[in-house]
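Undergrad: sequence unknown, structure follows:
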């Protein structure tokens with residue numbers, strides 16, 4: 001018999017705060033985490049702002065921060081999120097002699113984690129020093145000499161997307177299955193969904209699942225700028241993210257770490273853990289279309305939505321709220337609206353939707369789990385967070401996007417959806433827990 005999968009802990013480090021409750025209250029009161037870029041000199045870039053995590057100090061969160069002294073920003077953020085989630089779930093961290101009753105061999109990790117930032121200064125210096133202007137070519141031997149002199153092995157290793165999961169294994173002692181995926185903006189939704197499947201099938205009693213990412217660096221911003229995916233509203237960063245608005249011009253790049261503790265119902269009951277919500281459905285698909293464009297008929301998104309609802313045994317009439325991907329790009333918001341209409345039929349007009357990215361920014365690999373946490377909080381407080389900056393609705397997008405103000409509503413079953421570059425589509429169905 002398949003195990004029921006419940007959430008017993010949550011943690012979040014984001015541009016809006018370093019814990020779940022701070023972020024949640026910020027979403028309800030219209031705060032946001034967007035401002036001028038300070039992590040590097042962006043003065044020559046088309047987009048000069050982002051959503052940075054400010055003043056986060058891992059030493060204030062962990063007892064043994066020295067074990068993670070080489071951690072890059074994404075790893076540090078998800079370590080903080082994991083510490084918060086484990087504390088809520090009653091799972092001890094930073095100890096070799098845990099007395100919490102958790103079998104570490106049956107506790108695993110699944111992260112949707114992004115690559116770390118390169119060590120920009122030494123890296124670009126090596127390129128500049130090794131360029132042969134007369135021959136118009138690179139002298140790779142000279143590049144290697146310069147690079148070996150200025151770059152450090154551990155910092156280069158920390159760029160690998162599996163490293164955040166390694167840090168969490170050290171933090172928690174988890175010795176069960178460890179997985180890492182990087183399916184762009186859908187990564188942590190996929191990680192949570194597939195981790196839930198692992199718990200459901202008995203491969204683990206507990207899975208620590210979520211995401212970590214920071215792309216606010218010269219190469220990350222350059223890439224998204226070249227794709228014309230970022231807002232260039234430099235005169236007003238706070239209002240730049242405008243999902244479903246007629247004046248939307250791109251997303252705001254953010255960073256962060258998000259974790260949920262997934263547990264079999266039997267394990268949670270045995271431990272006496274407080275149950276926050278239940279994951280009942282997961283759907284995943286690929287567009288099989290273009291690398292950066294969603295399929296214009298939303299075929300992959302529709303497939304994932306239908307698969308998640310079928311897995312959960314619910315229909316469109318059972319869904320009380322959809323937490324959208326809602327990036328504030330012209331294409332995403334239009335195709336996502338089309339996907340909901342196709343998957344829900346006429347019921348699409350009766351289901352409220354909103355986008356936390358309007359205030360939080362786009363946390364890339366961490367964004368799906370961060371928004372899943374928002375869904376759990378919404379069910380707890382029976383309140384839908386708004387889509388901020390929606391003052392000029394796009395007439396072509398005619399669903400209920402909960403503009404600008406939170407809304408009280410009966411929330412029993414909700415959907416979180418994430419769609420990533422490469423045509424990756426992942427959808428999770430959550431329910432309020434009931435025996």
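TA: Happy to help now that I have it. From a predicted model like this one, the values you see are computed outputs, not experimental measurements.
Undergrad: Going by C-alpha atoms from here, please, whenever you check contacts or count neighbours.
TA: Fine.
Undergrad: show me what contacts residue 63?
TA: Applying Cα atoms under 8 Å, 6 or more residues apart in numbering to residue 63 gives the contacts residue 94.
Undergrad: all helices of the stretch 301-435 of the chain, in order?
TA: If you assign secondary structure with DSSP state H, counting those that start in this stretch, the helices in the stretch 301-435 of the chain sit at 330-344, 357-360, 367-381.
Undergrad: Of those helices, which is nearest residue 396?
TA: For those, proximity to residue 396 was assessed by Cα to Cα; helix 330-344 is nearest, at 7.9 Å.
Undergrad: Please enumerate residues in contact with the closest one?
TA: By Cα under 8 Å, 6+ apart, the surrounding residues in contact with helix 330-344 are 243-244, 248-250, 293-299, 301-303, 305-306, 316, 324-327, 347-349, 396-397, 399.
Undergrad: Out of the helices of the stretch 301-435 of the chain, indicate the one that is most buried.
TA: Mean neighbour count (mean count of other Cα atoms under 10 Å) peaks for helix 357-360 among the helices of the stretch 301-435 of the chain, with a mean of 30.
Undergrad: And the strands in the stretch 251-400 of the chain?
TA: Counting by DSSP state E, counting those that start in this stretch, the stretch 251-400 of the chain has strands at residues 255-264, 277-286, 321-323, 353-354, 383-384.
Undergrad: right, so of the helices of the stretch 301-435 of the chain, which gets closest to residue 71?
TA: Go through the helices of the stretch 301-435 of the chain one by one with Cα to Cα and the one that ends up closest to residue 71 is helix 367-381, at 19.8 Å.
Undergrad: If you count contacts, what does the closest one end up packed against?
TA: The elements that helix 367-381 packs onto, with contact taken as 3 or more Cα pairs under 8 Å, 6 or more residues apart in numbering; DSSP states H and E, are helix 20-29, helix 187-200, strand 206-214, strand 255-264, strand 321-323, strand 413-420.
Undergrad: most tightly surrounded among the ones you listed?
TA: Using mean count of other Cα under 10 Å, the stretch among these with the largest mean neighbour count is strand 206-214, at a mean of 33.
Undergrad: Against which helices or strands is that strand packed?
TA: If contacts are counted by 3+ Cα pairs under 8 Å, 6+ apart, strand 206-214 sits against helix 73-89, strand 107-113, helix 187-200, strand 255-264, helix 367-381.
Undergrad: Do me a favour and average the pLDDT over that strand.
TA: Predicted confidence along strand 206-214 averages 98 (mean pLDDT).
Undergrad: Please apply the same query to stretch 35-55.
TA: 97.
Undergrad: Just the buried residues of it, please?
TA: Buried residues in stretch 35-55, defined by neighbour count with 16 or more other Cα atoms under 10 Å: 35, 36, 37, 42, 46, 47, 48, 49, 50, 51, 52, 53.
Undergrad: if we can go back for a sec, can you lay out the strands of the stretch 251-400 of the chain as JSON lines showing distance to residue 81 and mean pLDDT?
TA: Conversion of the strands of the stretch 251-400 of the chain to JSON lines gives the following (distance: least, Cα to Cα, whole Å; pLDDT from 0 to 100):
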{"stretch": "strand 255-264", "distance to residue 81": "6", "mean pLDDT": "98"}
{"stretch": "strand 277-286", "distance to residue 81": "18", "mean pLDDT": "98"}
{"stretch": "strand 321-323", "distance to residue 81": "21", "mean pLDDT": "98"}
{"stretch": "strand 353-354", "distance to residue 81": "24", "mean pLDDT": "98"}
{"stretch": "strand 383-384", "distance to residue 81": "23", "mean pLDDT": "98"}
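Undergrad: a markdown table for these, including distance to residue 416?
TA: What follows is the strands of the stretch 251-400 of the chain, written out as a markdown table (distance: least, Cα to Cα, whole Å):
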| stretch | distance to residue 416 |
| --- | --- |
| strand 255-264 | 14 |
| strand 277-286 | 10 |
| strand 321-323 | 5 |
| strand 353-354 | 10 |
| strand 383-384 | 13 |
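Undergrad: Specify the local secondary structure of the residue of the chain most remote from its centre.
TA: Of all residues in the chain, residue 134 sits farthest from the chain's C-alpha centroid, using Cα atoms, centre = their mean; the distance is 45.9 Å. When classified by DSSP: H, G, I helix; E, B strand; the rest coil, residue 134 comes out as coil.
Undergrad: Now the phi/psi pair for the nearest residue to residue 140 once chain neighbours are set aside, please.
TA: Once its chain neighbours are removed from consideration, residue 140 has its nearest residue in residue 130; the separation is 6.6 Å (Cα to Cα, 6 or more residues apart in numbering). Dihedral angles of residue 130 (phi, psi; degrees, to the nearest 10) stand at phi -90, psi 0.
Undergrad: what's the pLDDT at residue 130?
TA: Taken from the predicted model, the pLDDT recorded for residue 130 is 94.
Undergrad: Same question for residue 276.
TA: Predicted confidence (pLDDT) at residue 276: the value is 98.
Undergrad: list the contacts for residue 312?
TA: Contact analysis of residue 312 by Cα under 8 Å, 6+ apart lists 280, 281, 282, 429.
Undergrad: sorry, back to before: how about the helices of the stretch 301-435 of the chain, which one is nearest residue 73?
TA: Between residue 73 and those, the tightest spacing by Cα to Cα is seen for helix 367-381, at 15.1 Å.
Undergrad: and the closest one, what's its mean pLDDT?
TA: If you average the pLDDT over helix 367-381, you get 98.
Undergrad: centre of the chain versus that helix, how much separation?
TA: Here helix 367-381 is found 11 Å from its chain centre; the criterion is Cα atoms, centre = their mean, to the nearest Å.
Undergrad: And the helices and strands packed on helix 367-381: which comes nearest residue 59?
TA: strand 255-264 (16.1 Å).
Undergrad: List the contacts of stretch 372-384.
TA: Identification of contacts with stretch 372-384 by Cα under 8 Å, 6+ apart yields 10, 20, 24, 189, 260, 276-277, 321, 323, 354, 356, 385, 402, 406-412, 414-416, 430, 432.
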